[in-house]
Structures are given as structure tokens and as C-alpha cells.
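Chemist: Need a 3D model of the sequence below.
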Amino acid sequence: MAKVLIVDNDPGVVQAFARMLRLDGFEVLTALDAEAALREVDTSRPDAVLLDLRMPIVDGLTFLRRLRAREEQRHTPVAILTGDVVDEATRNELRELEADMYFKPVWLQDLVDITRRLIHRP
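Modeler: Have a look, this model is predicted:
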């Protein structure tokens, strides 16, 4: 069973995403902020990460930079799920950091498809 870490500061989003992915057979880990997510990465070694960009204190982009700086998680598949407008510089950095980007709202079936693609990425 593949492990997926959901990182979003909105508990409602986390709950909805987690419920849908569990129904599809994923083991789901959750974090409401980037610091908790980094601790979860250290202990659980997720197979993929679904990440919000806008979070308080440490944003999603900073989390992604920190994740990529870790040798063991350098190539962990990451999908950014955001409702924000993303400027070209940020889009370029996300590409360089090997993160896919999708915009909220995300249909729950699309979320499952995104997660499956991340898990089965070569």
C-alpha cells in the first residue's frame, strides 16, 4: 500500500483528501503545517506528497526546497495543489524542483488520478 502525505493548513481539505485517498486504498499521512510535514517525512518516508503552497510560517515552496535538500527525499514525487495565482518565477522553480502543479478546487476523482500518477511515476 502506497503512503501519501497530505500537507495543507486547512483541516477540511486534509480530511476530504484523506478520506478519498483511503477509500482508494492509499495509506494516508497528514500534516497541517510544513514543520509537522518534515517530521512526518523523517519518520514515515511517504511515497508521494500532496502539498499546498500557501501555509503560515513555512510555506509550501520552502517545504519543497527543504525536502529536496534531503538525500533520501530528493526524488519523492510531489504535487502542488493550490488555489493561488502562481507567478512565472515560482512556476519555474517548481519545475526545477520536480513538482507537478494543479489548481484547487480539485475534484476528488482527479485527486485520486493525480496521486496514482505520482506513485507510478518512473
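
Chemist: Let me see the ranges of the strands in the protein.
Modeler: Shown for the chain, the strands assigned by DSSP state E span residues 3-7, 27-31, 48-51, 78-82, 99-103.

Chemist: Return the distance of the shortest one from the chain's centre.
Modeler: Think strand 48-51. Chain-centre distance of strand 48-51: 2 Å, with C-alpha atoms, centre = their mean, to the nearest Å.

Chemist: Relative to L61, how far out is the most centrally placed residue in the chain?
Modeler: By C-alpha atoms, centre = their mean, the chain has its centre lying nearest to L50, at 1.9 Å. Per C-beta to C-beta, to the nearest Å, L50 is found 15 Å from L61. Where C-beta positions appear, they are placed from N, C-alpha and C, glycine not excepted.

Chemist: same check, this time on N9
Modeler: For N9, the distance to L61 equals 14 Å [C-beta to C-beta].

Chemist: Looking at the two, which is more packed in?
Modeler: Taking other C-beta atoms under 10 Å, N9 and L61 do not tie; L61 has more neighbours (20 against 17).
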